[in-house]
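Visitor: I'll drop the sequence and a predicted model, then ask my questions.
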Amino acid sequence: MTDATASGTTLVVDHPLIQHKLTLMRRSRTPANEFRLLLREISMLLAYEVTRDMPLEMIDIETPLTAMKAPVLAGKKLCLVSVLRAGGGILEGMLDILPAARVGHVGLYRDPVSLAAVEYYLKLPRDISERTAIVLDPMLATGNSAAAAVSEVKASGCQSIKFVCLIAAPEGLKTFHEAHPDVPVYTAAVDSHLNDHGYIVPGIGDAGDRIFGTK
Ligand SMILES: O=P(O)(O)OC[C@H]1O[C@H](OP(=O)(O)OP(=O)(O)O)[C@H](O)[C@@H]1O
Ligand SMILES: O=c1cc[nH]c(=O)[nH]1
Ligand SMILES: [Mg+2]
């Protein structure tokens, strides 16, 4: 499902396999090892969707039987940008499908009181301006972290950017699209709302804590 407003595009990847696996992730009793595996599997399926418009070119090859023209990926190469920590959970599955992609990292945590994104690390490939960047973070809650991560990628000169998450909140999508109307958001679900602490409801809880078992 695609929701395109004047201020930006949200694509909800509602494939039944993704929806089934997301339900298993949401359950509070799902242990960290299963949670990580499910996120990795969903990320492979999201990779399939976010790369759907990658251009192809024809090259000459030889099969054991004959010569033929066959399609290979053309044009801009990819850079996956993982928002630490929780973005690492999506990065693994994306790299399974896109092993030749370069990888950048943006370290951000959410100030628990102001809910502002605080940056503590940045490392992007030198040639990122020649690539399409796919920024990865499972949660888009207030949208502050996603908007800050994409601002860093833009500041590096990259002009072709997509954002991939697992769950987004309507409030955060509005904030994000207003800040970056040119960057489409791919998500497995848009949930109901944010609670008073900025957590997505019904959500999955704190993605980083659930991936790494830190709570
Ligand atoms: O949309 P926002 O309101 O900014 O919230 C989303 C951010 O919160 C989580 O990170 P967190 O700050 O918990 O850091 P962590 O990945 O280290 O746990 C999540 O992974 C996002 O980066
Ligand atoms: O619901 C939320 C909101 C922010 N960060 C998370 O990990 N989960
Ligand atoms: Mg966290």
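Guide: Right, received. Where do you want to start? Ligands and ions are numbered 1, 2, ... in the order given.
Visitor: give me every residue that touches whichever residue of the chain sits closest to ligand 1.
Guide: Of all residues in the chain, Gly208 sits closest to ligand 1, at 2.4 Å by Cβ to the nearest ligand atom. C-beta: built from backbone N, CA, C; applies to glycine. Contact partners of Gly208, counting by Cβ atoms under 8 Å, 6 or more residues apart in numbering, are 85-86, 214.
Visitor: Return the member of those nearest to Phe35.
Guide: Closest to Phe35 out of the contacts of Gly208 is Ala86 (11.0 Å), distances taken as Cβ to Cβ.
Visitor: dump the residue contacts of that closest one.
Guide: Taking Cβ under 8 Å, 6+ apart, one finds 137-139, 207-208, 211 in contact with Ala86.
Visitor: for the protein, what spans make up the strands?
Guide: Ranges of strands in the chain, per DSSP state E, are 2-5, 8-12, 56-62, 67-73, 77-84, 102-110, 117-123, 131-136, 139-140, 160-168, 185-190, 193-194, 200-201.
Visitor: Distance to Ala32 added to the contacts of Ala86, as CSV?
Guide: Below are the contacts of Ala86 laid out as CSV (distance: Cβ to Cβ, whole Å):
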residue, distance to Ala32
Asp137, 18
Pro138, 14
Met139, 16
Ala207, 11
Gly208, 11
Ile211, 7
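Visitor: out of those residues, who's near ligand 3?
Guide: With Cβ under 5 Å from the ion as the criterion, these include Gly208 near ligand 3.
Visitor: just checking, which of the contacts of Ala86 belong to helices?
Guide: Taking DSSP state H, the ones among the contacts of Ala86 that sit in helices are 207-208, 211.
Visitor: For these, give me a markdown table that also has pLDDT and distance to Ala67.
Guide: Formatted as a markdown table, the ones in helices among the contacts of Ala86 follow (pLDDT from 0 to 100; distance: Cβ to Cβ, whole Å):
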| residue | pLDDT | distance to Ala67 |
| --- | --- | --- |
| Ala207 | 97 | 49 |
| Gly208 | 95 | 51 |
| Ile211 | 96 | 48 |
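Visitor: Let me know the closest of the residues you listed to Asn195.
Guide: Ala207 (15.2 Å).
Visitor: is it true that that closest one touches Pro138?
Guide: Yes: using Cβ atoms under 8 Å, Ala207 is in contact with Pro138, at 4.2 Å.
Visitor: So for those two, which residues contact both of them?
Guide: Shared contacts of Ala207 and Pro138, defined by Cβ under 8 Å, 6+ apart, comprise 86, 89, 166.
Visitor: so what's the closest residue to the last one other than its chain neighbours up against?
Guide: Think Leu166. Counting by Cβ to Cβ, 6 or more residues apart in numbering, the nearest residue to Leu166 once its immediate chain neighbours are dropped is Pro138, at 4.1 Å. Residues near Pro138 by Cβ under 8 Å, 6+ apart: 39, 86-87, 89-90, 165-167, 204, 207, 211.
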